[in-house]
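Asker: From the sequence below, what's the structure:
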Amino acid sequence: MVPLMNSTFEKSVIITGAGTGIGAATAKIFSEKGYFVYLLGRTSSKLDSAAKNLSQYQTMVCDLTDPEQVKDSCQRIMNSPSAPPVQVLVNNAGIFRRHSFDEGSDEVWMTQWWSNMMGPVRITREFFPYFKKNRKGSIVNVSSTLGLRPSFETSAYSATKAAMVNWTHSLALEGAQFNIRANCICPGLVDTPIHDFHFLPAAEKEKVLQNLKNMQPLGRVGQPEDIARSIYFVGAEGSSWTTGAVLSVDGGINLT
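Answerer: Here you go, the predicted model:
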């Protein structure tokens, strides 16, 4: 939990949902590219594990559905005396609940809405004035191919992710005059803890993956690193003339 401070790094990135999966892989690549990394998530032990091999970082336990926790975490980051300025915000945290539409209670809908959409809105709202003041900022929203084309029994999740795509466009329009970019990554089927098959015993999991890979034109289920590389690409300065983009990273499944 203790950050490696007095950094010689010149820039920072904030990654939500950083304890596992895509978030942890994204933290790793940004660290390798010379960023001070803020890892936010709900479970301290998972954050510590994800940070194990990073160069300079700080972990923060933060539930994005709690406005006070979001505000407190953001203030601590913005007021940090020794860490470099934040240039990139990666809105990666989210939850997935499969259900048929007629069995989707208000609780099922609202739980996903508050986590997948309002959590990112809250943290971005805290940092937008900061980016405006610095006249520099890059926001990467991690949506889903289900936000572009829903599948069976995903109506609430798909709706939240479709909202994130549209919101990205709004952020890009409002932020452009302040040199704030906003882009969206839409992962396909990726082997992360958001899916139940991720936790199966090895032999059972391999059978499931063998079945799932036949759905992918590129012939395999995605790995967190596949998405992390794309997040880094649109988030970092190498894509400085890219804003409002929506990039599917899905093995081609949206073509089928």
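Asker: can you pull out the helices in the stretch 51-200 of the chain?
Answerer: Secondary structure of the stretch 51-200 of the chain, counting by DSSP state H, counting those that start in this stretch: helices at 67-78, 106-113, 119-134, 155-175.
Asker: Would you convert these into a markdown table that also reports mean neighbour count?
Answerer: In short, each C-beta sits where N, CA and C put it, glycine included. Supplementary listing: these in a markdown table, determined by neighbours: other C-beta atoms under 10 Å:
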| stretch | mean neighbour count |
| --- | --- |
| helix 67-78 | 16 |
| helix 106-113 | 15 |
| helix 119-134 | 18 |
| helix 155-175 | 19 |
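Asker: Comparing those helices, which yields the minimum mean pLDDT?
Answerer: Sorting the helices of the stretch 51-200 of the chain by mean pLDDT places helix 106-113 lowest, at a mean of 94.
Asker: tilt between that one and helix 155-175?
Answerer: Orientation of helix 106-113 against helix 155-175 (axes from the mean of the first three to the mean of the last three C-alpha atoms, to 10 degrees) gives an angle of 30 degrees.
Asker: Can you spell out which helices and strands pack onto helix 106-113?
Answerer: Identification of packing neighbours for helix 106-113 by 3 or more C-beta pairs under 8 Å, 6 or more residues apart in numbering; DSSP states H and E yields helix 155-175.
Asker: My read is that residue 240 contacts residue 180, right?
Answerer: No - using C-beta atoms under 8 Å, residue 240 makes no contact with residue 180, being 11.7 Å away.
Asker: more crowded one of those two?
Answerer: Each of residue 240 and residue 180 has its neighbours counted (other C-beta atoms under 10 Å); residue 180 has more, 23 against 11.
Asker: Tell me how many other residues crowd the residue nearest to residue 87 when sequence neighbours are not counted.
Answerer: Spatial nearest neighbour of residue 87, excluding adjacent residues (C-beta to C-beta, 6 or more residues apart in numbering): residue 11 at 4.5 Å. Residue 11 has 19 neighbours, counted by other C-beta under 10 Å.
Asker: backbone phi and psi for residue 11, please?
Answerer: phi -150, psi 150 (degrees, to the nearest 10).
Asker: And it, how far from residue 38?
Answerer: 12 Å (C-beta to C-beta, to the nearest Å).
Asker: Touching both of these two, which residues are there?
Answerer: Taking C-beta atoms under 8 Å, 6 or more residues apart in numbering as the contact rule, residue 11 and residue 38 both touch residue 86.
Asker: hey, where'd the strands end up in the stretch 1-150 of the chain?
Answerer: Counting by DSSP state E, counting those that start in this stretch, the stretch 1-150 of the chain has strands at residues 12-16, 36-41, 57-61, 86-91, 137-142.
Asker: Let me know the average pLDDT across the last one.
Answerer: Mean pLDDT, computed over strand 137-142, is 98.
Asker: The second one now?
Answerer: What strand 36-41 shows for mean pLDDT is 98.
Asker: And it, what does it pack against?
Answerer: Using 3+ C-beta pairs under 8 Å, 6+ apart, strand 36-41 is in contact with strand 12-16, helix 21-32, helix 44-50, strand 57-61.
Asker: so of the ones you listed, which one's packed in deepest?
Answerer: Most buried of the helices and strands packed on strand 36-41, by mean neighbour count (mean count of other C-beta atoms under 10 Å): strand 12-16, with a mean of 27.
Asker: which residues does residue 16 contact?
Answerer: Residue 16 neighbours (C-beta under 8 Å, 6+ apart): 23, 40, 41, 62, 64, 90, 91, 92, 93, 119, 120, 123.
Asker: Cool, thanks, talk later.
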